[in-house]
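Undergrad: Quick one: sequence plus predicted model below, questions after.
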Amino acid sequence: MQDNAAPEVRTLAERVFNQLQDAIVRGELAPGAKITEPGLSKTYGISRGPLREAMRRLETHRLIERVPHVGARVVKLSMQELLELFDVREALESMAARLAARHMTAEEIAGLRDVLALHERQADLRSGEAYYQREGDLDFHYRIVQGSHNRMLTMLLCDDLYYLVRLYRTQFSASGTRPQRAFVEHHRIVDAIEAGDEELAELLMRRHVSASRENVASRYATVLQQEKSLPPPIERIPS
């Protein structure tokens, strides 16, 4: 009976993992927010077994962290940690773009353009409010890394750092004209990749991530300043 139940538990854990990671990336579970198994179990209506498995995955993907004598919290990077993350991203993603210009097939490039066409129809991008990308194959940056055909880069950017990067890219990159500018930059990067221009693809991606870094850092600094001026928040579990 345990063997028969295992697939169901894994399916539930996968569903809860997807719900929780989406809530964290969108900011519905705020950075630094305390989370507990009883609260999450009540919210999502599942037993502790699948929930624990989902939380283990969240911890592996660096979206939650265990704090001694406190419990589990949604990850919250310091400004220094955030800048270091984007430094790594700038170096590795620009390398991925160079390799993508060398290795991506015509079919892969067509798929990349299909993703951008899908993004263009998004209401948040059209209104200039945000540029939210779903994970995996619907994520422009994920596709570029996959197109590098470099296994080590893929492990680092599509597994080890992916969810953490996506969290801060999503929550802090949308302001002013940045969503529309980012979309235009994506098209230029694809043009360079399709032309097989490795140097240009690398340069454009480096500039793209650098612009995102400056924008994210500016917005994050504003958030930190606002938090300093507010009284300590009352921690709540979503109900």
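TA: Great, that's in hand. Residues are numbered from 1 along each chain as shown.
Undergrad: Out of the helices and strands in this structure, which is least certain?
TA: Taking mean pLDDT, DSSP states H and E as the measure, the helix or strand of the chain with the lowest value is helix 123-126, at a mean of 55.
Undergrad: following that helix, which helix or strand shows up next?
TA: The first helix or strand that comes after helix 123-126 along the chain, using DSSP states H and E, is helix 140-147.
Undergrad: quick one: average confidence on that following helix?
TA: Mean pLDDT, helix 140-147: 93.
Undergrad: so after it, what's the next helix or strand?
TA: Stepping forward along the backbone from helix 140-147, the first helix or strand reached (DSSP H and E) is helix 151-155.
Undergrad: what mean pLDDT would you report for the helix or strand that comes right after that next one?
TA: Following helix 151-155 in sequence order, the next helix or strand is helix 162-172 (DSSP H and E). Average pLDDT, helix 162-172: 79.
Undergrad: same check, this time on stretch 196-211
TA: Stretch 196-211 shows an average pLDDT of 96 in the prediction.
Undergrad: What is the longest helix of this structure by residue count?
TA: Here the longest helix in the chain is taken by residue count, with DSSP state H as the criterion, and it is helix 198-228.
Undergrad: which secondary structure elements does it contact?
TA: helix 79-103, helix 162-172, helix 178-194 (3 or more CB pairs under 8 Å, 6 or more residues apart in numbering; DSSP states H and E). C-beta here means a position set from N, CA and C on the backbone, and glycine is covered the same way.
Undergrad: run the last query once more with 10 Å
TA: Where contact means 3 or more CB pairs under 10 Å, 6 or more residues apart in numbering; DSSP states H and E, helix 198-228 is packed against helix 79-103, helix 140-147, helix 162-172, helix 178-194.
Undergrad: And the ones you listed: which comes nearest residue 25?
TA: Across the helices and strands packed on helix 198-228, the minimum distance to residue 25, taken as CB to CB, is reached by helix 162-172, at 5.0 Å.
Undergrad: got any ranges where this structure has weak pLDDT?
TA: Applying pLDDT under 70 to the predicted model, the residue ranges of the chain that meet it are 1-10, 122-137, 173-176, 230-239.
Undergrad: switch to 80 and redo it
TA: Counting by pLDDT under 80, the low-confidence segments of the chain come to 1-10, 44, 46, 120-138, 160, 168-180, 220, 223-239.
Undergrad: Geometric centre of it: which residue is closest?
TA: By CA atoms, centre = their mean, the mean C-alpha position of the chain lies nearest to residue 166, the distance being 1.2 Å.
Undergrad: Which of the three states applies to the residue nearest to that one when sequence neighbours are not counted?
TA: Closest residue to residue 166 apart from its sequence neighbours, by CB to CB, 6 or more residues apart in numbering: residue 25 at 5.8 Å. Assigned with DSSP: H, G, I helix; E, B strand; the rest coil, residue 25 falls in the helix class.
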